[in-house]
Structure formats: structure tokens, C-alpha cells
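Q: mind folding the following:
(one chain, ligands or ions: 9)
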Amino acid sequence: MNVTNSMKKIGWAAVLAGGALAVAACAGLKQDKPLLPIESYERMIVGRFDADYVGTDNCVKKCHKHQKITDDFRHSVHGEQIRPETGLPLVNCESCHGPGSLAIEKIGDDVAANDRQGVKCDTSKFLDIMNLPAPAQSLICLKCHSAASTPSLALWNASLHALNDVSCFDCHKLHQGPQQKVSREEMAEMCYACHPEVKAENGLFSHHPIREKKMACTDCHEPHGSTQEHLLKGNTVKETCTRCHMEKQGPFAFEHGDVTENCSNCHAPHGSVNNQLLTASMPFLCLQCHSGHTAGSTPESTTLFNNRCTDCHSQIHGTDIPSANGQGALLQ
Ligand code: HEC
Ligand code: HEC
Ligand code: HEC
Ligand code: HEC
Ligand code: HEC
Ligand code: HEC
Ligand code: HEC
Ligand code: HEC
Ligand code: HEC
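A: Ligands and ions are numbered 1, 2, ... in the order given. Next up is the predicted model:
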């Protein structure tokens, strides 16, 4: 058994792969990206000093076109937020689009006449929110959604999404209906738009039931940011997985070294061509770290066990039961 040696080889392979990745990452860093101080983004979203806030009713009453948006909005969590002291809405159209007095200045009260003459609200007088840089778009939301009000956003600024100019708008389509949250049913398709490789993986033979809509990306990921690599929920991969697969959690009297600390040593979370989401088929999976062995210590017993190792080592994730020699061989 030469675990140490083959582990070293794997170690080197990892170092080389890591190096290749680091080079790939640097290529991204070379691109020019203006880094502005946060105040600059704030300045972009404070709105127009020359315009006044007129309220949702004034904003929309002269315009048929926004009927659906307005109805949906009123039935959304945002539309339902009322300030208790005043009874006035806490969130209205202008909370995100900026003050609207200049935009509606030139339209008359007669809706039918406006339609006939093609008089429209002057949208150029609103904040041009779709063309703001991503950090400024997100600040529009973050001015209310602080970490205190939305704890899942506490790590947003350091998240891979924020750092790669993905903004709140990219995932939250606020005017497609009253729903403001990303629904579990529509989530995967939304994420696949930017992560097509995950869709391909989930299409493989063995897969977590995401495409059957029994699971969603957020069962394992926290898209707003996390303390773990790959935006995973929990503090370790094991913690991410054992929220559902509790029987694999341990601690066991006989553990599989520390390899089960990271379930992705052996499992591909989104999907795999091998049974049970395995990253390689048996025995190759095991032979990456172990050599096959013979049935006994006598020279006659030379049959090498190079088949399905788990036919015997069925307790591959750990067990409390010692093997015949009193040690752990993960047999039962
Ligand atoms: C919580 C923030 C927020 C509020 C409140 C909000 N919007 Fe929007 N609005 C957006 C964002 C973000 C977009 C960009 C496009 C998108 O996500 O659909 C947008 C886009 C729009 C558009 C252009 C795109 C489209 O879908 O036609 C219109 C018109 C619009 N909003 C009208 C309104 C009206 C009317 C209200 C109030 C009833 C309102 N918005 C309230 C955030 C908001
Ligand atoms: C003027 C304050 C304000 C702004 C600006 C604002 N929100 Fe909200 N939002 C709220 C409040 C208040 C709630 C309800 C309480 C809560 O869930 O935190 C809410 C709830 C939500 C929810 C939860 C809905 C649910 O069903 O649980 C989402 C998602 C959301 N906002 C996204 C956004 C996004 C994206 C933006 C920026 C385009 C934004 N909000 C801008 C105040 C705001
Ligand atoms: C990469 C996609 C993505 C981005 C970017 C994103 N969100 Fe979300 N957000 C989601 C998903 C998915 C959910 C649903 C979470 C769930 O079902 O557990 C969600 C849920 C929420 C909720 C509901 C409360 C909660 O914590 O579940 C709020 C509020 C919210 N997002 C606000 C924001 C704001 C504000 C931003 C920008 C700073 C933002 N989101 C950026 C995907 C995203
Ligand atoms: C069962 C848990 C689980 C689910 C569900 C899940 N992921 Fe993952 N995802 C992981 C783990 C674990 C990793 C880290 C893989 C590794 O370490 O090799 C990962 C890695 C990733 C990565 C990094 C690139 C890669 O493939 O290694 C992306 C992007 C990703 N997931 C997106 C998604 C999206 C989008 C969904 C929903 C369609 C999703 N994930 C659903 C567990 C999950
Ligand atoms: C607008 C495009 C966009 C959308 C939509 C989007 N992402 Fe991402 N995501 C990115 C970018 C860009 C990165 C950082 C670069 C990379 O690793 O691909 C990233 C990174 C990630 C990572 C970490 C990848 C790693 O290598 O560690 C995960 C996990 C992830 N996204 C999951 C999700 C999930 C889950 C959703 C849906 C709720 C989602 N993303 C929606 C663009 C997007
Ligand atoms: C939200 C719950 C949940 C989380 C979190 C979760 N799983 Fe699963 N897992 C499931 C479900 C549901 C199935 C499908 C069971 C079935 O089809 O009978 C499954 C099946 C599996 C299978 C067996 C697949 C097969 O073909 O029999 C493996 C292996 C697995 N998960 C590993 C993992 C790993 C590794 C992680 C962490 C990256 C993880 N799971 C996280 C719910 C979860
Ligand atoms: C050393 C490799 C290895 C590691 C690490 C590993 N597994 Fe497995 N896992 C396997 C093998 C091999 C099978 C198939 C067992 C069989 O064929 O009897 C399996 C099967 C499974 C199954 C489906 C069958 C069952 O026993 O329920 C689940 C669920 C599972 N693993 C979850 C996990 C979780 C969660 C982790 C992390 C805590 C993990 N695995 C870590 C090798 C591993
Ligand atoms: C990522 C490397 C890795 C993979 C893959 C792996 N193992 Fe291991 N295995 C180890 C390490 C490390 C130990 C602990 C060695 C030690 O403590 O001497 C170990 C220990 C064992 C032990 C002995 C336990 C004991 O206490 O003596 C058995 C049996 C075993 N592995 C079987 C398997 C089988 C079967 C597979 C394939 C399903 C497998 N291993 C896959 C790294 C791995
Ligand atoms: C026919 C059943 C059987 C098969 C198949 C089998 N093993 Fe074993 N394995 C055993 C037995 C029995 C032991 C010794 C148990 C003891 O020490 O009490 C053992 C011990 C081990 C040990 C621990 C050796 C040590 O030094 O403590 C490792 C590692 C191991 N096997 C790996 C594998 C791998 C990898 C495969 C697949 C290539 C495999 N085994 C296939 C029955 C099997």
C-alpha cells in the first residue's frame, strides 16, 4: 500500500492545475476596469437635484402603459411596505428610479389625448439605471437592503458576483410580476444564462434532481456571497452536503482518513457520467490514492482486487465497526 507516494503525485497534479488556474485568473486581471471610490457610485445614484419627488400616483396616473407594472408592484412585497408613522409607502417607483417631477412635467392630465398625440413621459429625466456601472446599480438596492435588514447580503461586497460586476438587477427581475425574489422553479434557468456548463453537468446520467425541480442552486450555494469557496453555503463542503446527507456526517470511530471532509474528492455535485455522482468510476476512483491489493499475505493468493472496491469496503464514508484485525478497513 503506497498511499503517501500516490498522495504526493496527486499533490503535484493539484499544484500544476492550480498554477494553470492562477495564470488563467491573471489574464482576467489584466483587463482594464476603472476602479472608482464608493462615493462616485453614490453620486451617480443620488438622483437629480433639480427634480422633486412626486409619489407613485402622480408618476403613473397619466400613463396607461405602466398599468401592469404598477399593479404588479402594488401586489409585491415592495409595494406593501408602508411606513407606520405616516401611512405612506416606504418603497415607491422613485425609490429606485429617482425623483420624477421633470419626467412628467410636459404631459397633460387627459390620458386619452396623451395617447393620441403620442406625448410620453420623458424617461431621460429619470436615473438611467440600466446604464449605471454594476456597483452603482447594486447601491440602489443596498441603500435599503443593508446587512441588518437582509443578513444574506452581509458578504455581498466580497462575493465573486459583486467582484465580477454582476449586479442585483441581473438576477432580480422586479417587473416581471409581483414576485421580487427569484423563485425556486425559475432559478436554475436564470443561473444557466451565465453558467451553461452547470446545465450540461446536470444533464448527465447521474445528477442531483435540479432539472426535476426538486432541488435548487440555493440548496448548496449562497449567490449573495459566502465565507467558503465557490459561494457554498456553510463553512465546509462537508457541512454543505450533510445538511441533507446527515448519516455521512460522523464522527466515526474509523474515518476515511480526512478525505470525507471534502465530499468533492469523490463526488461531482452537479452531475456525472458515473453512478452515484462519482468523479471517476471504480476502481479508478480508489486507485488514484490506493493500490489494489491481494486476498491474503500468502504468495499463492495473488488475485488482485481491482474491481468494485465498495463490494467489500461498503462503509466508504466511515464506520464504528472495526475489521477482523481490529483496525478500520471500512468493511461493514
Ligand atoms: C425596487 C426598485 C424598483 C422600484 C420600486 C420600481 N422599479 Fe421600475 N425598474 C427597476 C429596475 C431594476 C428596472 C430595470 C429593468 C428590470 O429589471 O426589469 C426597472 C425598469 C422599469 C421600466 C422599464 C423597463 C420595463 O420593464 O418596461 C419601467 C417602465 C419601470 N421600471 C417603471 C416602474 C414603475 C411605474 C414603478 C412604480 C410603480 C417602478 N418601476 C418601481 C427597479 C424598480
Ligand atoms: C426604499 C427601500 C428599498 C429599496 C430601494 C429596495 N428595496 Fe427591496 N425591500 C425593501 C423592503 C422594506 C422589503 C421587505 C422587507 C424585507 O424583506 O427585507 C424588501 C424586500 C425585497 C425582496 C424580498 C421579497 C420577498 O419576497 O421576500 C427582494 C428580493 C428585494 N427587496 C430586492 C430588491 C432589489 C433587487 C432592489 C434594487 C433594485 C431593492 N430591493 C430595492 C426595501 C427596499
Ligand atoms: C447571482 C444572482 C443574485 C444576485 C446577483 C443577487 N441576488 Fe438576491 N437572491 C437571489 C436568489 C436566487 C434568491 C432566493 C434565495 C433563496 O431562495 O434562498 C435571492 C433572494 C434575495 C432576497 C430575499 C431575502 C433572502 O435573503 O433570501 C433579497 C432581499 C435579495 N435577494 C436582494 C438582493 C440584492 C439587494 C442584491 C444586490 C446587492 C441581490 N439580491 C443580488 C439571487 C441573486
Ligand atoms: C448539491 C449541492 C449543489 C447544488 C444543488 C448546486 N451546486 Fe454548484 N457547486 C457545488 C459544489 C460542492 C461546488 C464546488 C465543486 C468543487 O469543489 O469541485 C460547486 C461549484 C459550482 C460552480 C463553480 C464551477 C464548477 O463547476 O466547479 C458554479 C458556477 C456552480 N456551482 C453553479 C451552480 C448552479 C448555477 C447551480 C444550480 C443550477 C448549482 N451550482 C447547484 C454544489 C452544488
Ligand atoms: C449575469 C451573469 C450571472 C448570473 C445570472 C449568475 N452568475 Fe454566478 N457568476 C457570474 C460570474 C461572472 C462569476 C465569476 C466568474 C466565474 O467564476 O465564472 C460567477 C461566479 C459564480 C460562482 C463561483 C464560481 C467559482 O468558480 O467559484 C457560483 C457558485 C455561482 N456564480 C453561482 C450562481 C448561481 C447559483 C446563480 C443563480 C442564482 C448565478 N451564479 C447567477 C455570473 C453570473
Ligand atoms: C438540499 C438537500 C441536498 C443537499 C444539500 C445535497 N444533496 Fe445529495 N442528494 C439529495 C437528493 C434529493 C438526492 C437524490 C436522491 C434520490 O434520487 O433518491 C441526492 C443524491 C445524492 C447522491 C446519490 C446519487 C445517486 O445516483 O444515487 C450523492 C452521491 C450525493 N447526493 C452527494 C451529495 C454531495 C457530495 C453533496 C454536497 C456537495 C450533496 N449531495 C448535497 C439532496 C441533497
Ligand atoms: C473516498 C471517496 C468518497 C468520499 C470522499 C465521499 N464519498 Fe460518497 N460515495 C463514495 C462511493 C464509492 C459511493 C458509492 C458506494 C457504493 O457503490 O456502494 C458513494 C455513495 C454516496 C451516496 C449514495 C449512496 C449512499 O451511501 O447513500 C451519498 C448520498 C454520498 N456518497 C454522500 C457523500 C457525502 C455527503 C460525502 C461527504 C461527507 C461523501 N459522500 C464523500 C465515495 C466517497
Ligand atoms: C483522495 C484520495 C483517496 C481516495 C480517492 C480514496 N482514498 Fe481511501 N484513503 C485515503 C487516505 C488518505 C486514507 C488514510 C490512510 C491512512 O490513514 O493511512 C485512506 C484509507 C483507506 C482505507 C483504510 C482505512 C484504515 O483505517 O486502514 C481503505 C479500506 C480505503 N481508504 C479504501 C478506499 C476505497 C475503497 C476508495 C474508493 C471508493 C478510496 N479509499 C478512495 C485516501 C483516498
Ligand atoms: C473481496 C473483498 C475486497 C475487495 C474487492 C477489496 N478489498 Fe480492500 N480489503 C479487504 C480486506 C478483507 C482488507 C483487510 C481488512 C483488515 O485489515 O482486517 C482490506 C484492506 C484494504 C485497505 C487497508 C490496507 C491496510 O493497509 O490497512 C485498503 C486501503 C484497501 N483494502 C483498499 C482497497 C481498494 C482500493 C480496493 C479496490 C481496488 C479494494 N480494497 C478491494 C477486502 C477487499
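
Q: hey, let's count contacts and neighbours off CA atoms from now on
A: Will do.

Q: what segments of this protein are helices?
A: 3-30, 38-45, 55-60, 67-74, 93-97, 101-104, 111-117, 134-142, 160-163, 168-171, 184-192, 196-202, 237-242, 284-287 (DSSP state H).

Q: is any residue of the last one near ligand 8?
A: Same thing as helix 284-287. Yes - among the residues of helix 284-287, 285-286 lie within reach of ligand 8 under Cα under 6 Å from any ligand atom.

Q: got the CA coordinates for that helix in PDB?
A: Provided in PDB are the C-alpha atoms of helix 284-287 (Å, rounded to 0.1, in the frame of the first residue of the first chain):
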ATOM      1  CA  PHE A 284     -10.100   4.000 -10.800                       C
ATOM      2  CA  LEU A 285     -11.600   6.400  -8.200                       C
ATOM      3  CA  CYS A 286      -9.800   4.500  -5.400                       C
ATOM      4  CA  LEU A 287      -6.700   3.700  -7.400                       C
END
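
Q: hmm, that helix touching ligand 9?
A: Yes - using Cα under 6 Å from any ligand atom, we find that helix 284-287 touches ligand 9 at 286-287.

Q: contact partners of that helix?
A: 266, 278-279, 309 (Cα atoms under 8 Å, 6 or more residues apart in numbering).

Q: what's the most distant pair in the residues you listed?
A: 279 and 309 (15.1 Å; Cα to Cα).

Q: and the protein, which residues reach ligand 5?
A: Checking the chain against ligand 5 by Cα under 6 Å from any ligand atom, the hits are 160-161, 164, 166, 170-171, 187, 190-191, 194, 217, 221, 223, 229-231.

Q: which one of the residues you listed has the most neighbours?
A: In terms of neighbours by other Cα atoms under 10 Å, the residues of the chain next to ligand 5 top out with residue 223 at 21 neighbours.

Q: distance-wise, check the spatially closest residue to it that is not a sequence neighbour relative to ligand 8.
A: The shortest distance from residue 223 to any residue other than its chain neighbours is 6.3 Å, reached at residue 231 (Cα to Cα, 6 or more residues apart in numbering). Note on residue 231: its distance to ligand 8, by Cα to the nearest ligand atom, to the nearest Å, is 23 Å.

Q: residue 231 and residue 42, how far apart?
A: Taking Cα to Cα, to the nearest Å as the measure, residue 231 falls 27 Å from residue 42.

Q: chain neighbours aside, what residue packs nearest to whichever residue of the stretch 151-300 of the chain sits closest to ligand 1?
A: Closest to ligand 1 within the stretch 151-300 of the chain is residue 173: 4.3 Å, counting by Cα to the nearest ligand atom. Leaving aside its chain neighbours, residue 173 sits nearest to residue 180 (7.0 Å; criterion: Cα to Cα, 6+ apart).

Q: before we move on, what about residue 75?
A: Of all residues beyond its chain neighbours, the one nearest residue 75 is residue 178 (5.6 Å), with distances taken as Cα to Cα, 6+ apart.

Q: what count of nearby residues applies to that neighbour?
A: Counted with other Cα under 10 Å, residue 178 comes out at 19.

Q: ok, residue 168 next?
A: Residues near residue 168, counting by other Cα under 10 Å, number 19.

Q: quick one: contacts for the closest residue to it other than its chain neighbours?
A: Spatial nearest neighbour of residue 168, excluding adjacent residues (Cα to Cα, 6+ apart): residue 138 at 5.5 Å. Listed by Cα under 8 Å, 6+ apart, the contact partners of residue 138 are 167-169.

Q: residues from this protein in reach of ligand 4?
A: Contact residues, the chain versus ligand 4 (Cα under 6 Å from any ligand atom): 188, 191-192, 195, 198, 216-217, 219-220, 230, 237, 264, 269-270.

Q: kindly write the ChimeraX command that selects the buried subset of those residues.
A: Selecting only the buried entries of the residues of the chain next to ligand 4 in ChimeraX, with 16 or more other Cα atoms under 10 Å as the criterion:
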select :188,191,216,220,237,264,269,270
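
Q: ok, back up a step: what about the residue nearest to residue 223, distance to residue 268?
A: Using Cα to Cα, one gets 16 Å for the distance from residue 231 to residue 268.

Q: cool, residue 283 as well?
A: Where residue 268 is concerned, residue 283 sits at a distance of 17 Å (Cα to Cα).
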